[in-house]
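Enquirer: need a 3D model of the sequence below.
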Amino acid sequence: MRGYLPAKETRRISMAEKKDNVTSKFKDNVFCMLYRDKKNLLELYNALNNSAYTNVDDLQVTTLNGGSYMKYKNDASFLLCMSLYMFEQQSSKNPNMPLRFLHYVSDVFRELFSNSMLHRRSMIKIPVPHFVTFYNGLEKWIEDEDEIRLSGMYEISTDNPELELKVRVININEDVHILNKCKTLRDYMTFVNKVRFKMGVQGDDVRIAVTEAMDECIDEDILVDFFEKHREEVVEVSIYDYDEEEVRRVLAEEYAQEYAQKVAKEVSEKAFAEGEQSGRQLNLINQVIKKVKKSKTLETIASELEEEEADIKPIYDAVVSSATDYDINVIKDRLDNM
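Expert: Down below sits the predicted model:
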């Protein structure tokens, strides 16, 4: 029978695992740092729920810090209106988020409800949990927004899982809707994109890229207080967030691909526009030929075609000068060379 303990094997450690091993030693990332602030948490909550809460004292932070008996630490979690919200920011594709959140929520509930409370004769009412992952990685994963489930991880598929956990995954690279509703999240992504551009296009090392990105953000009135207060910490956590060589390679490929797609789109649109214009011109030439053969004047033809005389005149003159053959290709060449 297959067990769940990993087999002993020699294998190459992936880039993502290296990053996880390093960042696990550090207490936070920039996203975590931003959302230590209850005001920012409340703003993000309102953006997700189309609500307008303003009293930050109603919000009880439950973020795991990895201390005491708890094994785990998460990005942000809090209680509000009898709901428990847990937020995670991911810069790499991770389909295991439901299992991670299961660990997190178990630790939070363990802290909220002591073991002695579980043996009461009366039912304990618990907050409704909600799990959200904000994805801003470069790897293709979620187009806009999607839901991933714990049951999707089961080795044996079941239609009615007895244990389920749903995670809402929002791609904040793409989902401008939530960015328009949450300034802090939008500002965070502005900073991230500046760092990516400097590393991927300009070739800056991570320390220079992060420092210059912060300076630009401050100049543009983006997260000014945050960057001025946490400048050194942002640099340090960002160094752990980026594997410099790998990120630069991926970013360079990403920007090259985006540029190629942009050029291809522009070429396609131009070709379509030119083809559409050429087709319209041929149609007008045909119509003018028919009307000239009926000895109609320029004024009459323009009126019947609902066109300006000035627009029709070059075609009219070219058609008249080609009588009596009225060769449409000759007429078109004459117009193209005018």
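Enquirer: is Asn40 in a helix, a strand, or coil?
Expert: helix (DSSP: H, G, I helix; E, B strand; the rest coil).
Enquirer: from Leu223, how far off is it?
Expert: Noted for Asn40: a distance of 10 Å to Leu223, by Cβ to Cβ, to the nearest Å. All C-beta spots, glycine's among them, are computed from the backbone N, C-alpha and C.
Enquirer: anything in contact with each of those two?
Expert: Shared contacts of Asn40 and Leu223 (Cβ atoms under 8 Å, 6 or more residues apart in numbering): 34, 184.
Enquirer: touching stretch 167-184 from outside, list them.
Expert: 34, 40, 43-44, 46-48, 97-98, 101, 130-137, 141-149, 185-186, 189, 223.
Enquirer: just the buried subset of those residues, please.
Expert: 34, 40, 43-44, 47-48, 97-98, 101, 130-137, 141-142, 145, 148, 185-186, 189, 223 (16 or more other Cβ atoms under 10 Å).
Enquirer: quick one: low-confidence parts of the chain?
Expert: 1-28, 65-73, 243-261, 263-279, 338 (pLDDT under 70).
Enquirer: now the strands for it?
Expert: For the chain, the strands defined by DSSP state E occupy 60-61, 76-80, 83-90, 128-135, 145-149, 166-171.
Enquirer: can you add distance to Ile331 and give the ones you listed back as a markdown table?
Expert: Compiled in a markdown table, the strands of the chain are given as follows (distance: least, Cβ to Cβ, whole Å):
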| stretch | distance to Ile331 |
| --- | --- |
| strand 60-61 | 77 |
| strand 76-80 | 70 |
| strand 83-90 | 62 |
| strand 128-135 | 57 |
| strand 145-149 | 54 |
| strand 166-171 | 53 |
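Enquirer: Thr54 is nearest to which of those strands?
Expert: strand 76-80 (12.1 Å; Cβ to Cβ).
Enquirer: tell me the angle that closest one makes with strand 128-135.
Expert: 150 degrees (axes from the mean of the first three to the mean of the last three Cα atoms, to 10 degrees).
Enquirer: for strand 76-80, C-alpha coordinates in PDB please.
Expert: Presented in PDB, the C-alpha positions along strand 76-80 are these (Å, rounded to 0.1, in the frame of the first residue of the first chain):
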ATOM      1  CA  ALA A  76      -2.500  37.700   7.100                       C
ATOM      2  CA  SER A  77      -5.600  36.600   8.900                       C
ATOM      3  CA  PHE A  78      -8.200  38.300  10.900                       C
ATOM      4  CA  LEU A  79     -11.700  38.100  12.400                       C
ATOM      5  CA  LEU A  80     -14.500  40.500  11.300                       C
END
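Enquirer: show me what it is packed up against.
Expert: helix 38-49, strand 60-61, strand 83-90 (3 or more Cβ pairs under 8 Å, 6 or more residues apart in numbering; DSSP states H and E).
Enquirer: out of the ones you listed, nearest to Asn286?
Expert: Once those are compared by Cβ to Cβ, helix 38-49 is nearest, at 56.2 Å.
Enquirer: which helices and strands sit right next to the closest one?
Expert: strand 76-80, helix 176-181, helix 183-200.
Enquirer: and the last one, how far out from the chain's middle?
Expert: Here the centre of helix 183-200 is set off from its chain's centre by 12 Å, with Cα atoms, centre = their mean, to the nearest Å.
Enquirer: dump the residue contacts of the closest residue to Tyr154 other than its chain neighbours.
Expert: Spatial nearest neighbour of Tyr154, excluding adjacent residues (Cβ to Cβ, 6 or more residues apart in numbering): Pro161 at 6.8 Å. Going by Cβ under 8 Å, 6+ apart, Pro161 touches 150-151, 154.
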